[in-house]
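1. Generate coordinates for the sequence data below:
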Amino acid sequence: MSKAPKTEPRQAFESTVEPFAVTEVLQFNSGGHAVLLGEIAGSPALLQITQKAAHADADALRAALPTLALSLTNYSGAEYSYYVATDEKGVAYDVEAIWPASERQVQRKRPGEIAVFEETAEAYSSVVQPFATAQAAKIGWIDAVCSLEKERERNLYDCDDFVINVDTKWTTHGPFDADKTTWPAAPWTRDLYLLAISKDAKLASLRDLRGPEGARLVRAMRDALRKTASDVYGVPASKLRVFFHYQPQFYRLHAHCTRAEHTNPGCECDRAHLLSTVANHLDRWPDYYAEATLTYKLRVGEKLHGLLDAAGLLAA
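-> Numbers count the residues shown, from 1 in each chain. The predicted model follows:
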């Protein structure tokens, strides 16, 4: 795909997917999940579709796209928008649109070989940190979220150090303008997903946390997420998993809060770092995350994998 012009994030569709032109089927299974790569107005776009009544093959799904009637359920204020849809035969779908979609977002949706990498402090300093710094420069929308210029309706907590928002992946969340006193009893709280985002641009990931100040911030994030989940949704701390990702999806320190009974993508031991454990490490070893070897999975062919490979740091 040729390099696309820069497009500011906005809601992808109104009532149909007509602007979307499919260029490649990245994923398809007859169990009902598909990811399509295409373009909207010359910029890359990703369409993730869950079919309630699955098509037999990718060609049948592509043929059905022009007939979809969409109804917006959630919009992140950035590149993510979510819909429910039906086609002319009455088949129902859940649709996630990412537009404009970055190269990294497209790569993450491609099925591919996985490699496990043990990142030493030296590998981080020489390869990963420059990569993270370059990626962090591309996410100016995060500051708009932290200042409440974007996603204000999703905001649940705001302090000097961080904000807590409803994560856009929590697509079953009820209307934000509804009576909040009804939320704790709502069935959709089973899908709870909150996000705490640091306001400090110098904190790209847990690699940047140091000593008592880092431990204080981590515990403040953990405690505020637990309190918000309990006060707003009636979910107690004993039911929660609160964790950082490493590598993260975007390079601004942020913590995830989900219900412990759910196995969400990214909660595996080679990506999730529990905030209580992170704070304890910083208490005992102030430079732990500057010096530790951290192990995680990479998709073969993604940009970071290629940089590490070019540096001769990947095992044969």
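
2. Could you name the residue of the protein that is farthest from its center?
-> Ranked by distance from the centre of the chain (Cα atoms, centre = their mean), the top residue is Lys89, with 32.4 Å.

3. which SS class is that residue?
-> coil (DSSP: H, G, I helix; E, B strand; the rest coil).

4. From the structure, what's the count of residues near Trp170?
-> 19 (other Cβ atoms under 10 Å). C-beta here means a position set from N, CA and C on the backbone, and glycine is covered the same way.

5. Touching, it and Arg190? I think so.
-> No. With contact defined as Cβ atoms under 8 Å, Trp170 and Arg190 do not form a contacting pair (10.5 Å).

6. ok, which stretches of the stretch 151-300 of the chain are helices?
-> 211-233, 275-284, 288-291 (DSSP state H, counting those that start in this stretch).

7. Serialize these to TSV and add fields for distance to Gly112.
-> Output for the helices of the stretch 151-300 of the chain, formatted as TSV (distance: least, Cβ to Cβ, whole Å):
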stretch	distance to Gly112
helix 211-233	32
helix 275-284	29
helix 288-291	28
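
8. how about the ones you listed in TSV, adding mean pLDDT?
-> Converted to TSV, the helices of the stretch 151-300 of the chain look like this (pLDDT from 0 to 100):
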stretch	mean pLDDT
helix 211-233	98
helix 275-284	98
helix 288-291	98
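
9. center of this structure, which residue is that?
-> Most central in the chain (Cα atoms, centre = their mean) works out to Gln249, at 5.6 Å.

10. Could you list the low-pLDDT ranges of the stretch 1-150 of the chain?
-> Where the stretch 1-150 of the chain drops to pLDDT under 70, the residues are 1-8, 30-31, 53-54, 76-77.

11. quick one, what contacts Arg110?
-> Going by Cβ atoms under 8 Å, 6 or more residues apart in numbering, Arg110 touches 26-27, 299, 301.

12. Neighbour-wise, which one of these leads?
-> Using other Cβ under 10 Å as the neighbour criterion, Leu26 leads the contacts of Arg110 with 20 neighbours.

13. Which element, helix or strand, includes that residue?
-> strand 21-29 (DSSP states H and E).

14. sorry, back to before: list phi and psi for the residue nearest to the centre of the chain.
-> In terms of degrees, to the nearest 10, the main-chain angles of Gln249 are phi -70, psi -40.

15. Please name the residues that touch it.
-> By Cβ under 8 Å, 6+ apart, no residues touch Gln249.

16. which stretches of the stretch 151-300 of the chain form strands?
-> Using DSSP state E, counting those that start in this stretch, the strands of the stretch 151-300 of the chain run over 155-158, 162-166, 193-198, 240-245, 254-259, 272-274, 294-299.
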